[in-house]
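**Q** sequence first, then the predicted structure, then my questions.
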Amino acid sequence: MSDEYLESVRKQFAYYKLLGDKTFAQLSEEELFWQYNPDSNSIAIIVKHLWGNMLSRWTDFLTTDGEKEWRHREAEFDNDLPTKADLLARWEEGWSCLFAALDSVTADTWHTTIYIRNQGHSVLEAINRQLAHYPYHVGQIVFIGKMLRGTEWQSLSIPRGASQSYNAEKFAQPPRKTHFTDEYLGGKPE
């Protein structure tokens with residue numbers, strides 16, 4: 001088992017959670033429930049889907065199938081969360097479940113077979129599967145937020161037109177042995 005891998009993957013998940021958090025902070029309650037058309041997903045729907053997936057995949061991660069009998073996936077796509085507070089509560093609950101499950105992985109459980117819809121995965125494969133899935137949806141959340149805010153959007157990355165000055169600032173510093181997410185997550189460089 002690689003502690004370094006688990007630390008890295010935890011930082012990756014935390015980074016994508018942070019992108020969602022920073023998007024929500026820029027949006028009104030009404031904007032979180034906006035849909036382009038009836039067949040598209042609002043940010044609230046995407047959060048509900050992530051929440052349902054996270055609870056299903058990460059609850060009893062090492063011992064039960066990741067597609068729980070109690071999950072109602074189709075209902076995750078109903079735009080029926082009543083408030084921004086409800087949306088944020090589900091967002092936090094899903095991520096808490098994920099991080100607790102990652103914390104449960106040990107050298108003794110690293111070689112456990114994880115099942116998702118009765119298909120076996122290594123622990124590494126199961127984690128990587130979700131590491132591909134969640135950023136896909138967080139990207140949708142950020143994209144919708146950026147569309148809704150237009151010129152009022154506060155960039156979550158290097159703002160357009162600022163690449164040269166950003167790179168100049170980074171290369172003016174001595175090389176650092178840190179993960180790229182450390183800067184975003186408030187860590188201190190080595």
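**A** Received the coordinates, thanks.
**Q** use CA for all of it now, contacts and neighbours both
**A** Will do.
**Q** where does pLDDT dip in the protein?
**A** By pLDDT under 70, the low-scoring segments of the chain are 1, 179-184, 186-190.
**Q** can you map out the strands along it?
**A** Taking DSSP state E as the criterion, the chain carries its strands at 114-116, 119-121.
**Q** buried residues, the last one. List them.
**A** Using 16 or more other CA atoms under 10 Å as the burial criterion, the residues of strand 119-121 that qualify are His121.
**Q** give me the helices and strands touching that strand, please.
**A** Here strand 119-121 touches strand 114-116, going by 3 or more CA pairs under 8 Å, 6 or more residues apart in numbering; DSSP states H and E.
**Q** buried residues in the strand it packs on?
**A** For strand 114-116, a neighbour-count test (16+ other CA under 10 Å) marks Ile114, Tyr115, Ile116 as buried.
**Q** related to what we said a few turns ago, could the strands of the chain go into CSV alongside distance to Pro159?
**A** Formatted as CSV, those follow (distance: least, CA to CA, whole Å):
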stretch, distance to Pro159
strand 114-116, 39
strand 119-121, 39
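**Q** mind checking those strands for the one nearest to Gln140?
**A** strand 114-116 (23.9 Å; CA to CA).
**Q** residues contacting that closest one, please?
**A** 57, 61-67, 120-123, 126 (CA atoms under 8 Å, 6 or more residues apart in numbering).
**Q** got a winner among these for most neighbours?
**A** Among the contacts of strand 114-116, the one with the most neighbours (other CA atoms under 10 Å) is Arg57, at 27 neighbours.
**Q** so what's that one closest to, chain neighbours aside?
**A** Nearest non-adjacent residue to Arg57, counting by CA to CA, 6 or more residues apart in numbering: Gly66, 4.0 Å away.
**Q** let me see the contact set for that neighbour.
**A** Neighbour list for Gly66: Ser56, Arg57, Trp58, Thr59, Ile114, Tyr115, Ile116, Arg117 [criterion: CA under 8 Å, 6+ apart].
**Q** which of the residues in the longest helix along the chain are buried?
**A** Longest helix in the chain by number of residues (criterion: DSSP state H): helix 123-149. Neighbour-count burial for helix 123-149 flags 123-124, 126-127, 130-131, 134-135, 137-138, 140-142, 144-146, 148 (criterion: 16+ other CA under 10 Å).
**Q** measure His137 to Gly20 for me?
**A** From His137 over to Gly20 the distance is 10 Å, taken as CA to CA, to the nearest Å.
**Q** next, count neighbours for Asp3.
**A** Number of residues near Asp3 (other CA under 10 Å) recorded here: 11.
**Q** oh, I was asking about Val9
**A** 16.
**Q** Leu185 now?
**A** 13.
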